[in-house]
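> Sequence first, predicted coordinates after that:
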Amino acid sequence: MAMQLIECVPNFSEGRRPEVIEKIVDCFKDKRGVYLLDHRADEDHNRLVISLVGAPAPIQDALIEAAKVALANIDMNSHQGGHPRIGAVDVVPFTPIKGITMEECIGLAHSFGERYFKECGIPVYFYEDAAKRPERKRLEVIRKGQYEVLKEEAKTKEERMPDVGGPGLHPTAGATVIGARKFLVAFNVNLDTADVEIAKKIANTVRASSGGFCHVKGIGLALEERGITQVSMNLVDYEKNSLYRVLEMIRMEAKRWGVQVIETEVYGMIPVNAILESAAYYMQINDFDPAQVLELQLLELMGERAE
């Protein structure tokens, strides 16, 4: 049987306490079959994003271990941060990489959700391709009103109750959204204004739900510690919406308000082709082919010889 590889990017509602962040990240270190690629904590978002690649079984085991740490250390009733969230472990997406199909990742999400609730006691919602209700395919629908609203509505409104567990949420850990999806790029654009309404208007222009770019989700946030604002986005299909197109649209919209883009951020991992396409655009390279990148050619040759 061919080796199965998945990507998993669990998001935790903790970005300010180094000791808690370290405990969570340690759950993914030195685990056979689990490769910790990246982890980033953001104080303004009060959020920890971890990027993993590995075999499904050991990744699931490590996720359960990390969830128990989050359960013991994060109380959503006192949590504050700029990023939308409904739980201590907010979202757990599975993405097929090698030797596994999207359909198998959907089954993985469903079986893991059942195990997760049984072992951690935290209710689960399923989203994206693993959604069991059409309206729950979109994460923002599940998160509507965030933890503060959902903890009340999930008790009495059937349409807001979890897919696993409930009615209601865990009294301190809230709920976790688990799903299967394609690889996405978390791309943020920071603006030189403290007026969050401008960032929200620009986000409204670029996101798909408001008539902007297909496959782009976005919100406007205040980065209060820095006195600036951010258009925070998920590009759920980077092959259909290039980073440079989205960035140039934001630049154009920002000029309407006398605002400048001061920097961009990529949160977590990003496919090399997503970067190369934008690099070729800004360098105005005619007929650029990724096969011209030396390192990519060497990796391909080494992979062929290994097989």
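Okay, I see it.
> per-domain residue ranges of the chain.
5-180, 185-270 (automatic domain parsing).
> hang on, isn't Val231 packed against Thr193?
No. If you go by Cβ atoms under 8 Å, Val231 and Thr193 don't touch, sitting 11.2 Å apart. From N, CA and C alone the C-beta is placed, and that goes for glycine too.
> Give the intersection of the neighbour lists for those two.
Ala199 (Cβ atoms under 8 Å, 6 or more residues apart in numbering).
> can you map out the strands along the stretch 151-300 of the chain?
176-180, 185-191, 216-223, 228-235, 261-267 (DSSP state E, counting those that start in this stretch).
> Pick the most deeply packed of these.
Per-stretch averages of neighbours, counted by mean count of other Cβ atoms under 10 Å, single out strand 176-180 among those, with a mean of 27.
> so what strands line up beside that one?
Strand 176-180 pairs in its sheet with strand 89-98 (parallel), strand 124-128 (parallel), by DSSP bridges.
> residue ranges for the helices of the stretch 1-150 of the chain, please.
Using DSSP state H, counting those that start in this stretch, the helices of the stretch 1-150 of the chain run over residues 18-26, 56-73, 102-120, 139-142, 146-156.
> These: which one's closest to Leu5?
With Cβ to Cβ as the criterion, Leu5 lies closest to helix 56-73 of these, at 8.7 Å.
> relative to strand 89-98, how tilted is the closest one?
Inter-element angle recorded for helix 56-73 and strand 89-98: 170 degrees (by axes from the mean of the first three to the mean of the last three Cα atoms, to 10 degrees).
> mind checking how far helix 56-73 is from the chain centre?
From the chain centre to the centre of helix 56-73 is a distance of 17 Å (Cα atoms, centre = their mean, to the nearest Å).
> Name the residues of that helix that come out as buried.
Using 16 or more other Cβ atoms under 10 Å as the test for burial, helix 56-73 gives 56, 58-64, 66-71, 73.
> Need the max-distance pair from those.
Using Cβ to Cβ, the pair of the buried residues of helix 56-73 lying farthest apart is Pro56 and Asn73, separated by 26.2 Å.
> so where's the stretch 201-307 of the chain uncertain?
The stretch 201-307 of the chain contains residues with pLDDT under 70 at 303-307.
> can you do 80?
300, 302-307 (pLDDT under 80).
> tell me the helices in it, going along the chain?
Using DSSP H, counting those that start in this stretch, the helices of the stretch 201-307 of the chain run over 243-256, 272-283, 294-306.
> which helices and strands sit right next to the longest one?
Right, helix 243-256. Secondary-structure packing of helix 243-256 (3 or more Cβ pairs under 8 Å, 6 or more residues apart in numbering; DSSP states H and E): strand 185-191, helix 196-206, strand 228-235, strand 261-267, helix 272-283.
> Can you list the buried residues in it?
Buried residues in helix 243-256, counted by 16+ other Cβ under 10 Å: 243, 245-247, 249-250, 253-254.
> Could you point out which of those is nearest to Gly166?
Checking the buried residues of helix 243-256 against Gly166 by Cβ to Cβ gives Val246 as the nearest, at 36.5 Å.
> residue contacts, that closest one?
Val246 sits next to 187, 206, 213, 216, 233, 235 when contact means Cβ under 8 Å, 6+ apart.
> Which members of these define the maximum pairwise distance?
Among those, Phe187 and Phe213 lie farthest apart (Cβ to Cβ), at 11.5 Å.
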